[in-house]
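Participant: Pasting the sequence and the predicted coordinates here, then a few questions.
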Amino acid sequence: MSTGMRGVIYGPVASWRLGCSLGVDPVSRAEKTCSFDCVYCQLGRTRHHTAERREFVPLARLVGEFEELPALHLDYVTFSGMAEPALASNLGEAIDEVKRRIQAPVAVLTNSSLMWKPEVRAALSRADKVVAKLDAPTEELLRAINRPVQGITLQEILSGIRALRDEYRGCLALQMMLFKDNQDQAEALAQLAREIEPDEVEVNTPLRPCAVKPLPPEALAEMMTAFRGLNALSVYQAERPAVRPLDMEETLQRRPVL
Ligand code: SF4
């Protein structure tokens, strides 16, 4: 699958949330492109800090890579990568193209920052599962943890997630990364989740190498009591499948530790 250009497809990777997951990077730039610059990001600092949506990968290129793909047993095809997938203005069409070619359900991992836009919700609604990041219950913490592009507010993020919840018939998961900066906010985050009514809550801590230390299993287990009554699972409770990527280089660029 080596084309000389950065590939759009990577993996499969073992995901604690999505099992054997084939990655699709609809931005596919060599440098991280995101509307956030999270302090715990495993991909390092954001090089292109932007909330501007545009076409990065022509659909023909994505389709070409899927047509070369060998038969695989997959639990999910997941839009993620070195970028925020909702920055790709052709995300909805890209999801449709994948669904035409692959039986496995499609998930999108998003930082939720662009969900206030109706066209982004329309694109996300074409996926079977949307995993929406929510780490901060206050504007101040959003700025400290996720370091969004200027102009993105928590209020906007929450209004976008709530609007998606109202419109979307697929599975909506909230993903929360907990570590020392927000470990005293579990109750506040759980309260937001109760108001949003997601199908699942995924409680994570930064286990992959990054600038932030993970919380130990006992601390996260204690914090899980805040999520009582919700369909919540922590990273320490989940099992990962054994998975072998098709192209190790493409995969390690997006997932430095498998
Ligand atoms: S939203 Fe994801 S890709 Fe963007 S900085 Fe945060 S962790 Fe990294």
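Facilitator: Here it is on my side, so go on. Numbers count the residues shown, from 1 in each chain.
Participant: wait, what's in contact with Leu109?
Facilitator: Thr78, Phe79, Ser80, Pro85, Val131, Lys133, Gln175 (Cβ atoms under 8 Å, 6 or more residues apart in numbering). For every residue, glycine as well, the C-beta is placed using N, CA and C.
Participant: Show me what from this structure comes close to the ligand.
Facilitator: Residues of the chain lying close to the ligand (Cβ under 6 Å from any ligand atom) are Cys34, Phe36, Asp37, Cys38, Cys41, Leu43, Thr46, Glu84, Asn111.
Participant: Can you show me the helices along this structure?
Facilitator: Remark: helices assigned in the chain by DSSP state H are 59-67, 91-101, 118-124, 139-141, 154-167, 186-196, 217-223, 248-254.
Participant: Report the beta-bridge partners for the residue nearest to the spatial centre of the chain.
Facilitator: Residue closest to the average C-alpha location in the chain (Cα atoms, centre = their mean): Leu109, at 2.2 Å. Leu109 forms beta bridges with Val131, as assigned by DSSP bridges.
Participant: Ser234 now?
Facilitator: Listed beta-bridge partners, Ser234: Val203 (assigned using DSSP bridges).
Participant: Distance of it relative to Gly19?
Facilitator: For Ser234, the distance to Gly19 (Cβ to Cβ, to the nearest Å) stands at 17 Å.
Participant: Can you name the residues in contact with stretch 121-129?
Facilitator: In contact with stretch 121-129 (Cβ under 8 Å, 6+ apart) are residues 18, 76, 79, 86, 91-92, 95-96, 99, 105-108, 110, 115, 130, 160, 163-164, 167-173.
Participant: Type out the PyMOL command that picks the buried ones from those residues.
Facilitator: One line in PyMOL is enough to select the buried members of those, burial here meaning 16 or more other Cβ atoms under 10 Å:
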select buried, resi 18+76+79+86+91+92+95+99+105+106+107+108+110+115+130+160+164+168+170+172+173
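Participant: Out of the residues of the chain next to the ligand, list just those in strands.
Facilitator: Counting by DSSP state E, the residues of the chain next to the ligand place Cys34 in strands.
Participant: Which two of the residues of the chain next to the ligand have the greatest separation?
Facilitator: Distance extremes for the residues of the chain next to the ligand: the farthest pair is Leu43 and Asn111 at 12.5 Å, using Cβ to Cβ.
Participant: before we move on, back to that, more neighbours: which of Ser234 and Gly19?
Facilitator: Between Ser234 and Gly19, counted using other Cβ atoms under 10 Å, the more crowded position is Ser234 (21 against 18).
Participant: thought the more buried one was touching Thr225?
Facilitator: No - the criterion here is Cβ atoms under 8 Å, and Ser234 misses it with Thr225 at 11.2 Å.
Participant: On the pLDDT front, check Leu192 for me.
Facilitator: Per-residue pLDDT puts Leu192 at 98.
Participant: Now for it: which residues touch it?
Facilitator: Leu134, Pro137, Leu158.
Participant: count of neighbours near the nearest residue to the second one once chain neighbours are set aside?
Facilitator: Ranked by Cβ to Cβ, 6 or more residues apart in numbering and with sequence neighbours excluded, the top spatial neighbour of Pro137 is Ala188, at 3.8 Å. Residues contacting Ala188 under the criterion other Cβ under 10 Å number 15.
Participant: Distance of Ala188 relative to the ligand?
Facilitator: Using Cβ to the nearest ligand atom, to the nearest Å, Ala188 is found at 20 Å from the ligand.
Participant: With Ser15 instead?
Facilitator: From Ser15 across to the ligand, the span is 14 Å (Cβ to the nearest ligand atom).
Participant: Quick check: closest non-adjacent residue to that residue.
Facilitator: Counting by Cβ to Cβ, 6+ apart, the nearest residue to Ser15 once its immediate chain neighbours are dropped is Ser21, at 4.4 Å.
Participant: For the one you found, grab the count of nearby residues.
Facilitator: By other Cβ under 10 Å, 24 other residues sit near Ser21.
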